[in-house]
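Peer 1: sharing a model that was predicted from the sequence below.
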Amino acid sequence: MGYSRPAIESWWRTFEDAGHIELAGAYDCVTARLVQHAGFDAVLLGGGATAAFAFGLPDVGMVNVAEILDYARRITAAIDIPLIVDVDDCGHSKIDIVRNIRLAEHSGVSGVIMEDVDCSLPKYLWNEQQQSHDFANATLYPLDEAVARLEQAMAARTDPRFVIVARVEGARAASEASMERALERARAYAEAGVDFLYIGGLWADEVTPELVQSLGAPLLQLETNRVPADVRSRLFEAGASLGHAVLPNMAAYTAYRDTVFSLKAGEKPAFDGDAWTAYIELATTVDLPGWTRRLVEG
């Protein structure tokens with residue numbers, strides 16, 4: 001097998017034992033390894049993170065699935081915990097979906113997030129007035145087609161425990177968007193057999209035990225900003241899993257930005273500690289001591 005069965009088994013064992021999974025976003029091998037060292041159950045590689053940090057592009061569908069998975073392959077080689085990857089709509093045609101699921105399995109990732117927005121068309125473009133992505137201009141697949149696409153993805157797996165997360169955009173995408181419509185879609189995807197649901201536009205304070213139980217499949221709640229401890233506990237008690245999707249990556253970006261701009265301006269940088277001490281920690285994170293022992297001992 002070309003994929004990592006132990007990581008997939010780790011995902012399901014954790015979920016079965018704890019009743020939830022907790023993920024954190026990363027954008028490269030070092031940040032993914034830090035997620036692992038911090039004790040999270042899994043790493044999340046978002047589409048926006050891949051587009052921005054790996055290719056210097058906005059998340060509007062310009063990076064194809066093969067490129068995403070080629071990048072993910074490097075990260076899976078650097079960690080032992082599961083990596084879940086956002087693969088947009090997983091390809092335009094059914095043949096694309098089959099091929100991309102097989103590529104995902106053999107890249108070593110433990111699962112994919114597959115959305116119900118047609119990514120062959122421009123999506124999530126920038127709204128200057130709102131200073132945000134314009135989800136209303138995205139094109140949803142018709143419900144029956146979206147279900148069929150997810151069924152195709154599930155059938156394409158060679159390991160039935162490879163994780164399929166259905167991303168539901170009925171609450172944000174298209175002019176007739178509503179949470180009612182999103183929940184209708186979510187329940188249809190659950191009935192089709194997906195492993196987890198991520199509902200775009202559903203916020204943590206809206207998640208209740210009753211809602212989670214009504215969906216028919218486990219809920220993966222992805223949050224943008226810091227999740228207070230009491231909210232985190234409440235989500236887990238409600239039966240939801242939690243992904244810290246955006247904040248870790250934006251913290252890294254802003255720290256680097258502030259440092260290089262302050263250095264150029266001749267000002268005190270945001271990080272003003274001892275760089276060598278930080279390097280020693282980085283060397284440990286990438287296991288320089290371990291590699292040294294292996295190379296010396298042969």
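Peer 2: Yes, it's here.
Peer 1: going forward, measure contacts and count neighbours with C-alpha atoms only.
Peer 2: OK.
Peer 1: in contact with the residue nearest to V168 when sequence neighbours are not counted, which residues?
Peer 2: Once flanking residues are discounted, V168 sits nearest to I199: 4.7 Å by C-alpha to C-alpha, 6 or more residues apart in numbering. Going by C-alpha atoms under 8 Å, 6 or more residues apart in numbering, I199 touches 167-169, 171, 182-183, 186, 220-221.
Peer 1: ok, I199 to G298 distance?
Peer 2: Plainly put, I199 is 50 Å away from G298 if you go by C-alpha to C-alpha, to the nearest Å.
Peer 1: what of A51?
Peer 2: Computed with C-alpha to C-alpha, the distance linking A51 and G298 is 39 Å.
Peer 1: more crowded one of these two?
Peer 2: A51 (21 against 6; other C-alpha atoms under 10 Å).
Peer 1: wait, that one sits on D59?
Peer 2: Yes - using C-alpha atoms under 8 Å, A51 and D59 qualify as a contacting pair, with a distance of 5.7 Å.
Peer 1: tell me, what's touching these two both at once?
Peer 2: Here A51 and D59 share no contacting residue, scored by C-alpha under 8 Å, 6+ apart.
Peer 1: so which strand or helix has R167?
Peer 2: Under the criterion of DSSP states H and E, R167 resides in strand 163-168.
Peer 1: alpha carbons of that strand, as CSV, please.
Peer 2: Output of strand 163-168 as CSV, limited to C-alpha atoms (Å, rounded to 0.1, in the frame of the first residue of the first chain):
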residue,chain,number,x,y,z
VAL,A,163,-11.8,9.7,5.8
ILE,A,164,-14.2,11.6,3.6
VAL,A,165,-15.3,15.0,5.1
ALA,A,166,-18.2,16.6,3.1
ARG,A,167,-17.9,20.4,3.1
VAL,A,168,-21.4,21.9,3.0
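Peer 1: for the following helix or strand past that strand, C-alpha coordinates in CSV please.
Peer 2: The helix or strand immediately downstream of strand 163-168 is helix 179-192, counting by DSSP H and E. Output of helix 179-192 as CSV, limited to C-alpha atoms (Å, rounded to 0.1, in the frame of the first residue of the first chain):
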residue,chain,number,x,y,z
MET,A,179,-28.7,27.5,7.1
GLU,A,180,-31.9,25.5,6.5
ARG,A,181,-30.6,24.7,3.0
ALA,A,182,-27.2,23.8,4.3
LEU,A,183,-28.6,21.4,6.9
GLU,A,184,-30.8,19.7,4.3
ARG,A,185,-27.6,19.1,2.2
ALA,A,186,-25.6,18.0,5.3
ARG,A,187,-28.2,15.3,6.1
ALA,A,188,-28.3,14.1,2.5
TYR,A,189,-24.5,13.7,2.5
ALA,A,190,-24.7,11.9,5.9
GLU,A,191,-27.3,9.5,4.4
ALA,A,192,-25.0,8.9,1.5
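Peer 1: alpha carbons of stretch 50-70, as PDB, please.
Peer 2: This file holds the C-alpha atoms of stretch 50-70, laid out as PDB (Å, rounded to 0.1, in the frame of the first residue of the first chain):
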ATOM      1  CA  THR A  50      -1.700  25.400   0.300                       C
ATOM      2  CA  ALA A  51      -2.500  28.100  -2.300                       C
ATOM      3  CA  ALA A  52      -1.000  30.900  -0.400                       C
ATOM      4  CA  PHE A  53       2.100  29.300   1.300                       C
ATOM      5  CA  ALA A  54       3.000  26.800  -1.300                       C
ATOM      6  CA  PHE A  55       2.200  28.700  -4.500                       C
ATOM      7  CA  GLY A  56       1.700  32.400  -3.500                       C
ATOM      8  CA  LEU A  57      -1.800  32.300  -5.000                       C
ATOM      9  CA  PRO A  58      -5.300  33.200  -3.600                       C
ATOM     10  CA  ASP A  59      -7.700  30.400  -2.800                       C
ATOM     11  CA  VAL A  60      -9.900  30.800  -5.800                       C
ATOM     12  CA  GLY A  61      -9.400  27.400  -7.400                       C
ATOM     13  CA  MET A  62      -6.200  28.000  -9.400                       C
ATOM     14  CA  VAL A  63      -4.300  25.200  -7.600                       C
ATOM     15  CA  ASN A  64      -5.300  21.700  -8.900                       C
ATOM     16  CA  VAL A  65      -5.800  18.600  -6.800                       C
ATOM     17  CA  ALA A  66      -2.600  16.900  -8.000                       C
ATOM     18  CA  GLU A  67      -0.600  19.900  -7.000                       C
ATOM     19  CA  ILE A  68      -2.300  20.000  -3.500                       C
ATOM     20  CA  LEU A  69      -1.600  16.300  -3.000                       C
ATOM     21  CA  ASP A  70       2.000  16.500  -4.200                       C
END
